[in-house]
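Trainee: how does the following fold in three dimensions:
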Amino acid sequence: MSLKRIGGKAIVYALSNGLGSAAQLLLLFYCAYVLPGDSLGVLTLFTAVVALSTQVMGFGLVAAFQRDFYTASSDLRRAYLSTLVGAVIVVGLIILLLVSAAVPLLGDRLGFPASLLIVAMIGALGQALQQFLLAVWQSEGAGRSYLIYMSCFCALQMVVPMGVIEWLGHRWESAVYGQAAVFLLAGLLSLGVLRVKGYLRPCCHRSYLRSALSFGLPLVPYQFAGWGMAMLDRFIITSFSGVAVAGYYALAFQAAQLINIVSSGFNQAFSPWLYASLSKGTAGDFRQIRLVLSGYSAGLVLICLSGYLLFAMIAGLLDNQAYREALVFAPWLFLAMLLNGLYRASSSFLLYNGRTGVLAIMISLIALVSVGLNYELVQIWGAPAAGWVCCLCFGLLFSLTAFLAVNQQRVR
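Mentor: Next up is the predicted model:
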C-alpha cells in the first residue's frame with residue numbers, strides 16, 4: 001500500500017467501523033435526554049456486559065479464522081467456519097443457561113437488575129455470530145457488502161430501541177430489549193447470509209477447532225484486560241455512587257469515542273503500510289513514518305479539542321441534567337481517548353516485531369492498576385476520580401509502548 005492511499009483507506013475503515021460507534025453514541029444521546037438517570041445507567045451497564053460477553057463467547061475464534069482464510073482451500077474454509085460457528089453457538093447457549101440459573105440466586109446484590117444479564121447474553125450471542133460474517137466480507141475484500149450491511153445494522157440499532165422506548169415507555173427495559181432484539185436479529189441474519197454463501201454445513205473439524213482455540217484463547221485475557229480498563233470503572237461507580245452517576249460517566253465516555261473512531265480507522269490503514277516500510281528499513285522509509293505519525297498526532301489533538309468543545313456546546317444548548325453531569329467527566333475522558341489513540345499507533349511497532357506477549361502483560365498489569373486505583377479513589381473523591389484514573393492508565397500505556405517502540409527501532 002502506498003503512502004498516498006493511507007488517507008483514502010483510513011476514511012473507508014473509519015466509515016465502516018465508525019458506524020457502530022456513531023449509532024451507539026446517537027442512541028445514548030437520545031436516551032440521556034429522555035430516560036431517567038437510573039434507567040440510563042442500567043442501559044450503559046447492559047452495553048458493557050454485552051461487550052465483555054461477546055469477547056468471551058467468541059474465544060478469539062474469528063481472529064483464528066481470518067488468520068487461516070488465505071491459506072486454506074475453499075472447501076476447508078467452509079469446514080473451518082462451520083466448526084467455529086457451531087462451537088460459538090454451543091458455548092453461547094451453555095453460558096445463557098448458566099446465567100439464567102444464577103439470576104434468581106443473585107437477587108439485588110449486583111446494584112442493578114440481575115435479569116439484565118440474561119438479556120445481555122442473548123445480545124452477546126447475536127453479536128458474536130455477526131462477527132463471523134463481517135470477517136468473511138473483510139477477508140473476501142467485499143467492502144461494499146460490508147458497508148451496506150453495517151449501514152442497515154446501525155440504522156436499526158438506533159431506530160428500533162427509540163421506537164420501543166416511545167411504545168413501551170421511558171424506562172430501561174424498553175432501551176435494553178430494543179437493543180437486544182437488534183443484536184439477536186443481526187446474529188440470525190448473519191447465519192442466513194453465511195448459509196446462502198455456502199459457508200455453513202453440518203460438520204466438525206476437530207483438529208482445526210483445537211488449533212483455533214490454541215490461537216484464540218490467549219487473546220481472551222488480553223481482550224478482558226482491555227475491557228477492564230475501558231468499562232469496569234462504571235461498575236465501581238455504580239457500587240459507590242449509584243447507577244445514575246455511572247450513566248452520566250458512560251455518556252461522557254461514549255462522546256469521547258469520536259477519537260477512537262478516527263484512530264481505529266487510521267491504524268487499520270496505517271499498519272499494513274508501516275509493516276511494509278519497516279521491512280525495507282531505508283532512511284527514506286523512516287522519514288515517511290515520522291512524517292505520517294507527526295501528522296496523525298497533530299490531527300488527533302485537534303480532533304480531541306474540537307470534539308470536547310462541541311460536546312460542551314451541545315450540553316449547554318440542551319440544558320439537560322444528564323449532559324450537565326457528563327461534563328464533569330468529559331475533559332479527562334477526551335484526554336484519555338487521545339492517549340489511547342496515540343497508544344494504538346505506537347503498539348503497531350511492537351506487533352510488527354512479534355511482541356504480543358509483552359503487550360498482553362503490559363495491558364493486564366495496567367488494568368489491575370486501573371481497578372485498584374478506581375476502587376480506592378472513587379470511595380474517597382467520588383466518581384470524577386474514575387476519569388483521572390482512566391487518563392492516567394492510558395497515558396501510562398502509551399508511554400511504555402512508545403518507549404519500547406523507540407528503543408526497539410534503535411536496536412534495529
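
Trainee: setting the sequence-adjacent residues aside, check what's closest to Met162.
Mentor: Tyr30 (6.1 Å; C-beta to C-beta, 6 or more residues apart in numbering). (C-beta placed from N, C-alpha, C; glycine too.)

Trainee: tally of neighbours for the one you found?
Mentor: 15 (other C-beta atoms under 10 Å).

Trainee: tell me which element it is part of?
Mentor: Element membership of Tyr30 [criterion: DSSP states H and E] is helix 6-34.

Trainee: going along the chain, name the helices of the stretch 51-200 of the chain.
Mentor: 61-68, 74-106, 115-140, 143-168, 172-196 (DSSP state H, counting those that start in this stretch).

Trainee: ok, back up a step: test my guess that the residue nearest to Met162 contacts Val159.
Mentor: No - taking C-beta atoms under 8 Å as the definition, Tyr30 is not a contact partner of Val159, at 10.6 Å.

Trainee: just checking the distance from the host helix or strand of Val406 to the centre of its chain.
Mentor: Val406 is part of helix 384-411, with elements assigned from DSSP H and E. The chain centre lies 19 Å from the centre of helix 384-411; the measure is C-alpha atoms, centre = their mean, to the nearest Å.

Trainee: need the contact list for Ile165.
Mentor: The contact partners of Ile165, taken as C-beta atoms under 8 Å, 6 or more residues apart in numbering, are Cys31, Val34, Leu35, Ser174, Ala175, Gly178.

Trainee: remind me, longest helix of the chain?
Mentor: helix 283-318 (DSSP state H).

Trainee: and the next element down the chain from it?
Mentor: Criterion used, DSSP H and E; the element after helix 283-318 is helix 321-326.

Trainee: and that following helix, what does it pack onto?
Mentor: In this structure, helix 321-326 makes packing contacts with helix 6-34, helix 37-58, helix 243-255, helix 283-318, judged by 3 or more C-beta pairs under 8 Å, 6 or more residues apart in numbering; DSSP states H and E.

Trainee: separation between Ala326 and Leu251?
Mentor: 4 Å (C-beta to C-beta, to the nearest Å).

Trainee: ok, those two, which is more surrounded?
Mentor: It is Leu251, of Ala326 and Leu251, that has more neighbours when counted by other C-beta under 10 Å, with 28 against 25.

Trainee: quick one, what contacts that one?
Mentor: Leu28, Phe29, Ala32, Leu40, Thr44, Ala322, Tyr323, Ala326.

Trainee: now swap in Leu45 and tell me
Mentor: Contacts of Leu45 by C-beta under 8 Å, 6+ apart are Phe112, Leu116, Arg234, Phe235, Thr238, Val243, Ala246.

Trainee: for these, which one is nearest Gly123?
Mentor: Comparing the contacts of Leu45 against Gly123 with C-beta to C-beta places Leu116 closest, at 10.4 Å.

Trainee: that closest one touches Val176, doesn't it?
Mentor: Yes - using C-beta under 8 Å, Leu116 is in contact with Val176, at 6.6 Å.

Trainee: shared neighbours of those two, anything?
Mentor: In contact with both Leu116 and Val176: Val42, Phe46, using C-beta under 8 Å, 6+ apart.

Trainee: so where is the chain shaky, pLDDT-wise?
Mentor: 1-18, 59, 107-112, 218-219, 222, 268-269, 271-272, 281, 354-356, 408-412 (pLDDT under 70).

Trainee: could you list the domains of it?
Mentor: Residue ranges for each domain of the chain read 35-215, 218-412, as given by automatic domain parsing.

Trainee: since that was my last question, I'll sign off now.
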